[in-house]
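> Make a model of this:
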Amino acid sequence: MLEKHNDLLDPKTPIIFADGTKLYTELEKKYSTHKVGYFIMAPSGAGKTYFVKSQKVLNWIDGDDLWMSAKAHPDGEWWLDGLDRIKEIDQRSDIITIEAKKLGFWIVGASNAFLPPDAIVIPNWETHKKWISVRENSNYDGGATSDKLDQVISHRNWILEWEKKGVPKFETVQEAAAYLEKN
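This next block holds a predicted model:
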């Protein structure tokens, strides 16, 4: 994981595009790059951060770290600010994901507006609720909580639309990563 992001922008700060060479050069020092970049999409609580932290070789970047480093994600719990705000931030994130994929990075995250993911992860619902509860009650590091399961269900349903468009679906991040790593 990248260091804590104490320099996130205030949610009301207008943004611009800028040269990202320095950011991606720093990421290359920590994470492997590949001939082809990939993006795995999964909802909050599906095991993305756990998967990234468990890697022996740092192939996969936690999308939250990538998007916060690029300042696509602002400070605060922006995902609670309504659908229009979520769409805005997800569009910013897609631009960063596109650039990172072009450079051969492998990303796993939940933010997505229009960029087709290379794989999606939708855990069994009972398992997913359990994972959210365990994280919430042990080592909470952000994301959905048990009182926001309606938002998780909505996001799961939105992600499943990608399966209808031919994106392969898996129950775990590990399965999705293994599938993409073989290609």
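
> CA only for contacts and neighbour counts going forward, please
Fine.

> hey, where'd the helices end up in this protein?
Along the chain, the segments classed as helices by DSSP state H run 21-30, 48-53, 63-69, 83-102, 125-137, 149-164, 173-181.

> what angle separates the fifth one from helix 149-164?
The directions of helix 125-137 and helix 149-164 differ by 130 degrees, with axes from the mean of the first three to the mean of the last three CA atoms, to 10 degrees as the criterion.

> what's the distance between helix 125-137 and the middle of its chain?
18 Å (CA atoms, centre = their mean, to the nearest Å).

> repeat for the third one
Remark: helix 63-69 is offset 8 Å from the chain centroid, using CA atoms, centre = their mean.

> Extract the C-alpha set from it and format it as CSV.
C-alpha atoms of helix 63-69 as CSV (Å, rounded to 0.1, in the frame of the first residue of the first chain):
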residue,chain,number,x,y,z
GLY,A,63,-7.5,1.1,-6.8
ASP,A,64,-8.2,3.3,-3.8
ASP,A,65,-4.5,3.9,-3.4
LEU,A,66,-4.0,4.6,-7.1
TRP,A,67,-7.0,7.0,-7.2
MET,A,68,-6.1,8.8,-4.0
SER,A,69,-2.5,9.2,-5.1
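
> Can you find the helix or strand in the chain with the smallest mean pLDDT?
Sorted by mean pLDDT, DSSP states H and E, the helices and strands of the chain end with helix 125-137, the least confident at a mean of 88.

> So which bits of that helix are buried?
For helix 125-137, burial by neighbour count (16 or more other CA atoms under 10 Å) applies to His128, Lys129, Trp131, Ile132, Ser133, Arg135, Glu136.

> and the fourth one, what does it touch?
So the one you mean is Ile132. Gly45, Ala46, Ala144, Thr145, Ser146 (CA atoms under 8 Å, 6 or more residues apart in numbering).

> Tell me which two of those sit farthest apart.
Ala46 and Ser146 (13.2 Å; CA to CA).

> picking up where we left off before, include distance to Tyr179, neighbour count and pLDDT when you put the contacts of Ile132 into a markdown table, please.
A markdown table is the format used below for these (distance: CA to CA, whole Å; neighbours: other CA atoms under 10 Å; pLDDT from 0 to 100):
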| residue | distance to Tyr179 | neighbour count | pLDDT |
| --- | --- | --- | --- |
| Gly45 | 21 | 25 | 89 |
| Ala46 | 17 | 26 | 93 |
| Ala144 | 26 | 22 | 79 |
| Thr145 | 29 | 19 | 79 |
| Ser146 | 30 | 16 | 79 |
